[in-house]
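**Q** Quick one, fold the following:
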Amino acid sequence: MMNFLVKTIANAGALAVAVWLLDKITLTGDSTTKKVLTLILVALVFGLVNFLVKPIVKILTFPLFILTLGLITLVVNALMLLLTSWVCDKLDLSFHVQGFWTAVLGGLIISIVSWALNMILPDTD
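**A** Residues are numbered from 1 along each chain as shown. The predicted structure is shown next:
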């Protein structure tokens, strides 16, 4: 359970950095508390999308992973971020990613920051 919380906090932090750096990734809210709560909920949705959908997409695109030497990962991460934005819209969470190229750059930022935070934060169950 602790590992799940650590990964959710790391995802929320990575999403916050992407929202801060990119103008076309938006997170709105009335107060800071509401924004933080929304960010945690978005991190949970993002983690769920990555847990359920990403492995299926990776299996289906395996030949492209080999052909592009793994660069297709940027596209897959962008698609997962766009799917998260769509699900958040359906759940009435105020998180939106505008455009594919913004999602590519956002996915890259989220991957790097999440990796760095997972290296720093404890990994115990």
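**Q** which secondary structure element contains Ser85?
**A** helix 72-90 (DSSP states H and E).
**Q** and the very next helix or strand once past that helix, what does it pack onto?
**A** As assigned by DSSP H and E, the chain's next helix or strand after helix 72-90 is strand 95-97. Applying 3 or more C-beta pairs under 8 Å, 6 or more residues apart in numbering; DSSP states H and E, one finds that strand 95-97 contacts strand 25-27, helix 32-52, helix 72-90. Backbone N, C-alpha and C define where each C-beta goes, glycine included.
**Q** Now tabulate these in a markdown table and tack on mean neighbour count and distance to Ala116.
**A** Shown next, in a markdown table, are the helices and strands packed on strand 95-97 (neighbours: other C-beta atoms under 10 Å; distance: least, C-beta to C-beta, whole Å):
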| stretch | mean neighbour count | distance to Ala116 |
| --- | --- | --- |
| strand 25-27 | 19 | 19 |
| helix 32-52 | 16 | 16 |
| helix 72-90 | 19 | 16 |
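**Q** Quick one: residues in contact with the helix holding Ser85.
**A** Outside helix 72-90, the residues within contact range by C-beta atoms under 8 Å, 6 or more residues apart in numbering are 41-42, 45-46, 49-50, 53-54, 57-58, 61, 64-65, 94-97, 100, 103-104, 106-108, 110-111.
**Q** Can you go through those residues and name the buried ones?
**A** By neighbour count, with 16 or more other C-beta atoms under 10 Å, the contacts of helix 72-90 hold 41-42, 45-46, 49-50, 53, 61, 94-95, 97, 103-104, 106-108, 110-111 as buried.
**Q** The lowest-mean-pLDDT helix or strand in the chain to helix 32-52, inter-axis angle?
**A** Between all helices and strands in the chain, the lowest mean by mean pLDDT, DSSP states H and E belongs to helix 2-21, at a mean of 89. Helix 2-21 and helix 32-52 meet at an angle of 120 degrees, taking axes from the mean of the first three to the mean of the last three C-alpha atoms, to 10 degrees as the criterion.
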